[in-house]
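1. Provided below for reference: sequence and predicted model.
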Amino acid sequence: MADMPHSFRCPITTDIMRDPVQASDGHSYERVAIEEWLQVRQPPTSPMTNLRFDHDHLTPNVALRNSIAEFLEANEGIRAHITQLEGLQRQVNVGGFERGSAIHKYLCPINHSVMRNPVTAADGVCYDREFIESWIAASHGDALVSPTTRKPMGPTLIPNPELQREIQKFLSELPTAGGPPPEDPVESVRDLSRTFDIFDGLVDVLSEVLENWGPPRVVVVGNQSAGKSTVLERLCMMPLFPRDRGLCTSLPIKIDIRRAPVQRPTTLETWDTKANRRVGPVRIIPHDNGDVDIREAMAEVLASHGGEVNDTHELRVRITSPTLPPMSLVDLPGTIGYPPELKERTHRLVAAQLAASQDRSTYLIVVKADQNGPRDSGPIEHIMSLGAAGRTIGVLTHCDKLDSDRDHELLTGWLSNDPAAKDSVPLNPHGWVATMNKELRRGAPDESNHERLLRQAQRERRWFEEEGYGQEIEAGRATTRALVDKISTMYSNYVFETFLPTTVGRLGQEHLRCTLQQVELGVPASPGNLRDGVALCALRADASARAIELIQACFDQAAHEYAVETLAALQTALRRVLLRERSVGIQDVATTLTRLRVHTLRACTTAMHTLGRAWHDKFTTALGDNTLPFRLQRFPVLVGRLAAYCTAAAPHVRDTTMSRVEAYLDNALTVDSSSVLLVHDLREGHVGVDIRLESESVVGVVLNEFAVGFVVPTQPELAERVAAIIHDVFSDEAQEQETTFAEREMLAARADRVSVASRRLLQLVDPTLSAEG
C-alpha cells in the first residue's frame, strides 16, 4: 500500500477512500468518517486545519472517486489486500475465529475491528486511537468514563508500539485473499447482504435526490415483553436493545444500517420528533455494551417528560458496517393492555408508526408462544387494518417456556398458518416462524456480549432439534435461520413488486425535474469556454435573435408612440397656441407675433423633452427580460453592452429639426407671411388689429418637420450592431459565463446521479444492464 497516492487516503481513517466527499475546508474525506466527525465534534472543526467549518454540506468528489477506481483496477495486489482485510472483518463479525484466537486481542472494543494504531487508555484497555479519540470528543466536557468498564477515567492515551507491531505481523501472515467467502456459523441479517448488494453506494445518493426516501425498513411490533428486542439483538448480532427483566422499550428505536468499507463506531442520537431536532449531543456506542447507552438515553427522556412510554421522542442508532445490509430496523414500544390510558397511548403510537412510510416498510409481529397466541397480540389489528399482512412475518418467541404437549400442539398449529388452528391469525404468504433466544449466562468472566450472542445462536437450533421440531426446521418455520430466510424472501418480493417500481418512478420524475430546471435556467448553456464552433455559433445566433427581438420591439414601440402620442400631443399644444384670434393694438402686432413664435417653440421643446426619459425606461425594462427560452439576464455583461448601445442609439429628433422649425416660424409668423392675416378695426372710438393665422397650415408644417426629423436605427443597422456586440462578448478567446452556470452544473450532476441510480436499480431486473450506460 506504500505506492498508493497520498490523496487517495482519508485524512481521518488513513484508509483508501471508496466514497470521497469534499468538505468546506477544501479537503476530501471518506463520507462516513467525516459525517461521524461532524456529528461528534461540537463545534465541528476541520481535521486538517483545526478551523471551524463554514458549513456542513458535503460534495461528492466524483473525479477523485473515479481516479481511485482506476488505480485499484490497475493494481491487483492492493485490491487483493483490501479484499483480504474486508474478509477478515467479516470473519470477526460472524464469529469465524475460535475463542482464544489471538485476533480477539487485536479488536478495538468500540467498533469491534482490528486496530491500526493501538493506544492504551487510562482504564488500562487498548483501543484504536481514532475511535477512542472520538469517544473522548463525544463526552463534550462531561465526566469521561471508560467505554469498557463505564467507570470514570482520564483522557490520557499512551501509544502501544509493541501491540501495533504484533498486529502488523498478524496481518502480514494472513493467507492470500481468494476463494469463496467463509460461511457464517450463525444466521443474522448479514445474510440479507446478497439481496441488498445493489444498494451499495446508492443509499446516500437516493437520500440526497429523493425527498423523504429511505432504504427498506423492518418495523418490529408486539405486546410489551413479547421479546422484540431480543429478536432484533439476534438479527443484528449486536447487544443494542433493552432486554433486562422489567425493562422494556419505552420509545421508538430506529436503527439505520449503512454499508462502508471499514466498520465504524455506532452512534446514538435522541430526537424530538415534534420539533424535528436532535436533543443533546451525539453519543458513541461501544460495540459490546451499547445497550447501556440505549437504556440511559431512554431513562433521560422519561425522566424529562414523565410516563412509562413516550411518543414525542425517538432514539436513532446508526450502524456502519462492511457486512450488514443497508436497511433500517425499527423497534416500537410494546402495546399494553392496562391501564386504559397507557393502552390507548401505546396503540396510538404503534398505529402512527406503522402507517408512516408504508411504501418502504415490511413488518415483524412478535408474539410470545407461551401465552394466548397470535389473536391476543395487540398490534395484529393494526397490521390487518393497513392491509399489510402480505408484508408481515409472525415471530413466535419464548418457545423454551412451553410446558405441556398441548402447548407444543398449539405452536405447531400457529406455525402451519392454518386459519382453522386455535387462536391462529394466518399471515399469507410468509406465515409464522418459531424462535428460541433465551439469554445465556456468560461462559467465562471475560466473554464478550458478541461471543455470548454467538453461543446463543448456536444453541437455538440444538434446542429445536431436541424438542422434536426437525420437520418445522426443514420446512423453514423454526429457528432464526428460518426467520432470516423469510425476511430475505419477503424483502425480495417487496423490492421487485413495490420498492423498485416506486423508487425508479420517483427517480424518473426527479430526472425530468432536473432537466426542466436546466431548461428554465436558459438555453443554450454557456459555460464560458465553448470551443465547439457549432455550439458557439448556436449560442451567438440565439443571443442575437433574442436581443434583436427585444430591442427592435422597443424601437417599433417608440416610433409608434412618437407618432400617436408625442406628435398628437404636440399638435394639440400647437393648436392651443395658434388657433385663438388675437385683437391687439396696431403698435403691438410685431410683439405679439414674436411671442407666438416663442410659445410655439416652447410647445415643441416640451413635447420632445419626454422622449429621452420614456426611451430609457423602455429599453431597461426590455433588457431586464428573463423569460424562456434564452433568459438574457443570465449574461449581465451582454445586457450592459446592449444597454449602452440602446442609450447611444436612442430614438431622437435630428438636431437640425428644431433649427428648421425656428427658421420656418421666423418666416411664417411675421406680418409679411401669407400665414398671417391682419384685420384692422377702424370703427369710431376703437383702433386695433385682429391677428388671424392659417394655423392648420403652420401646425402641419411643424408636425411634418418633426415627423421627418425622427430617427431610429433601421433593422439591418440594429442587426449589424447587435451581432458585433455579441461576437465580442462571446469571442473565441474570452466568453461571458452565464450567472446560472454553477446551478446548472449542480443540476446536471444531480441528473447524472439520478440516472446512475436508476440503472443500478434496474440491474436487479436485468443484471446485464450497464451501470454507466
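-> Nice, I can see it.
2. residues in contact with stretch 222-230?
-> 220-221, 241-243, 248-249, 331-337, 346, 364-368, 376-379, 397-398, 437, 439 (Cβ atoms under 8 Å, 6 or more residues apart in numbering). Yep, even glycine has a C-beta here, placed from its N, CA and C like the rest.
3. cool, and stretch 272-290?
-> So stretch 272-290 is contacted by 39-40, 42, 109-112, 131, 134-135, 138, 140, 147-148, 150, 238-240, 265-271, 293-294, 297, 300, 312-314, 317, 448-450 (Cβ under 8 Å, 6+ apart).
4. so how far is that stretch off the chain centroid?
-> Relative to the centre of its chain, stretch 272-290 is centred 22 Å away, using Cα atoms, centre = their mean, to the nearest Å.
5. which of the contacts of stretch 222-230 count as buried?
-> By neighbour count, with 16 or more other Cβ atoms under 10 Å, the contacts of stretch 222-230 hold 220-221, 241-243, 248-249, 331-336, 346, 364-368, 377-379, 397-398, 437 as buried.
6. now, those residues that are in helices?
-> Here DSSP state H is the test, and the buried ones among the contacts of stretch 222-230 give Thr346 as lying in helices.
7. sort out for me which of the buried ones among the contacts of stretch 222-230 are in strands.
-> Among the buried ones among the contacts of stretch 222-230, the members falling in strands (DSSP state E) are Val220, Val221, Asp331, Leu364, Ile365, Val366, Val367, Lys368, Thr397.
8. how about the second one: what's its closest non-neighbour residue?
-> What that stands for is Val221. Using Cβ to Cβ, 6 or more residues apart in numbering and skipping residues adjacent in sequence, the residue nearest Val221 is Pro379, 4.0 Å away.
9. hmm, Arg348 and the one you found touching each other?
-> No. In this structure Pro379 lies outside contact range of Arg348 using Cβ atoms under 8 Å: 11.8 Å.
10. give the contact list for the residue nearest to Val221.
-> With Cβ under 8 Å, 6+ apart, Pro379 has these contacts: Val221, Gly222, Asn223, Thr335, His347, Val350, Leu354, Ile365.
11. quick one, what contacts Val653?
-> For Val653, the contacting residues are Met608, Leu611, Phe706, Gly709, Phe710, Val711, by Cβ under 8 Å, 6+ apart.
12. so which of these are in strands?
-> Counted as lying in strands by DSSP E, out of these, are Phe710, Val711.
13. top of the contacts of Val653 by neighbour count?
-> With neighbours defined as other Cβ atoms under 10 Å, the most crowded of the contacts of Val653 is Phe706; it has 22 neighbours.
14. can you show me the strands along the stretch 401-550 of the chain?
-> Applying DSSP state E, counting those that start in this stretch to the stretch 401-550 of the chain gives strands spanning 432-434.
15. low-confidence regions, it specifically.
-> By pLDDT under 70, the weakly predicted segments of the stretch 401-550 of the chain are 440-446.
16. mind running it again at 80?
-> By pLDDT under 80, the low-scoring segments of the stretch 401-550 of the chain are 437-454, 491-492, 495, 531-532.
17. likewise for the stretch 101-250 of the chain?
-> Within the stretch 101-250 of the chain, the segments meeting pLDDT under 80 span 101-102, 140-142, 174-209, 211-216, 236-248.
18. can you show me the strands along it?
-> Remark: strands assigned in the stretch 101-250 of the chain by DSSP E, counting those that start in this stretch are 118-121, 126-128, 157-159, 217-222.
19. can you tell me which of those is most buried?
-> strand 217-222 (a mean of 25; mean count of other Cβ atoms under 10 Å).
20. neighbouring strands - and their directions - for that strand?
-> Applying DSSP bridges to the sheet, strand 217-222 is found paired with strand 328-331 (parallel), strand 361-368 (parallel).
21. okay if I get the ones you listed as CSV plus distance to Thr479 and mean pLDDT?
-> Supplementary listing: the strands paired with strand 217-222 in CSV, determined by distance: least, Cβ to Cβ, whole Å; pLDDT from 0 to 100:
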stretch, distance to Thr479, mean pLDDT
strand 328-331, 19, 88
strand 361-368, 15, 92
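22. so for Asp15, which of those sits nearest?
-> Closest to Asp15 of the strands paired with strand 217-222, according to Cβ to Cβ: strand 328-331, at 25.8 Å.
23. name the nearest residue to the residue nearest to the spatial centre of the chain, sequence neighbours excluded.
-> The residue lying closest to the centre of the chain (Cα atoms, centre = their mean) is Glu208, at 2.9 Å. Closest residue to Glu208 apart from its sequence neighbours, by Cβ to Cβ, 6+ apart: Arg753 at 7.5 Å.
24. contacting residues around that neighbour?
-> Residues near Arg753 by Cβ under 8 Å, 6+ apart: Pro60, Val205, Glu208, Val209.
25. buried ones among those residues?
-> For those, a burial check counting by 16+ other Cβ under 10 Å picks out Pro60, Val205, Val209.
26. out of these, who's nearest Leu530?
-> For these, the nearest to Leu530 is Pro60 (25.9 Å; Cβ to Cβ).
27. now do the contacts for that closest one.
-> Neighbours of Pro60 in contact, by Cβ under 8 Å, 6+ apart: Asp19, Pro20, Val21, Gln22, Ala749, Arg753.
28. neighbour-wise, which one of these leads?
-> Ranked by the number of neighbours (other Cβ under 10 Å), the contacts of Pro60 place Pro20 first, at 25 neighbours.
29. list the contacts of that residue.
-> Cys10, Ser28, Tyr29, Glu30, Arg31, Pro60, Asn61, Leu64, Arg65, Ile68.
30. make it 10 Å
-> Shown in contact with Pro20 (Cβ atoms under 10 Å, 6 or more residues apart in numbering): 7-8, 10, 27-31, 34, 58-65, 67-68.
31. phi, psi for it please.
-> Here the main-chain torsion angles of Pro20 (degrees, to the nearest 10) amount to phi -70, psi 140.
32. skip the chain neighbours and tell me the closest residue to Thr610.
-> Leaving aside its sequence neighbours, Thr610 sits nearest to Thr566 (Cβ to Cβ, 6+ apart; 7.4 Å).
33. next: Ala748.
-> Gln518 (6.6 Å).
34. state the distance from the one you found to Met746.
-> Going from Gln518 to Met746 by Cβ to Cβ, to the nearest Å gives 10 Å.
35. the two: who's more crowded?
-> It is Gln518, of Gln518 and Met746, that has more neighbours when counted by other Cβ under 10 Å, with 20 against 14.
36. shouldn't that one be in contact with Ala749?
-> No. If you go by Cβ atoms under 10 Å, Gln518 and Ala749 don't touch, sitting 11.1 Å apart.
37. residue contacts, the closest residue to Leu251 other than its chain neighbours?
-> In space, and not counting its chain neighbours, Leu251 is closest to Asn310: 4.4 Å by Cβ to Cβ, 6+ apart. By Cβ under 10 Å, 6+ apart, the residues touching Asn310 are Ser250, Leu251, Pro252, Thr273, Met298, Val301, Leu302, Ser304, Pro333, Arg345, Leu349.
38. try 7 Å
-> Neighbour list for Asn310: Ser250, Leu251, Val301, Leu302 [criterion: Cβ atoms under 7 Å, 6 or more residues apart in numbering].
39. need the pLDDT of it.
-> Note for Asn310: predicted pLDDT of 89.
40. for it, phi and psi?
-> When read as degrees, to the nearest 10, the backbone of Asn310 gives phi -120, psi 130.
41. circling back: dump the contacts of Pro379 to CSV, plus distance to Arg531.
-> Converted to CSV, these look like this (distance: Cβ to Cβ, whole Å):
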residue, distance to Arg531
Val221, 62
Gly222, 66
Asn223, 70
Thr335, 68
His347, 67
Val350, 62
Leu354, 58
Ile365, 64
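42. great, nothing more from me.
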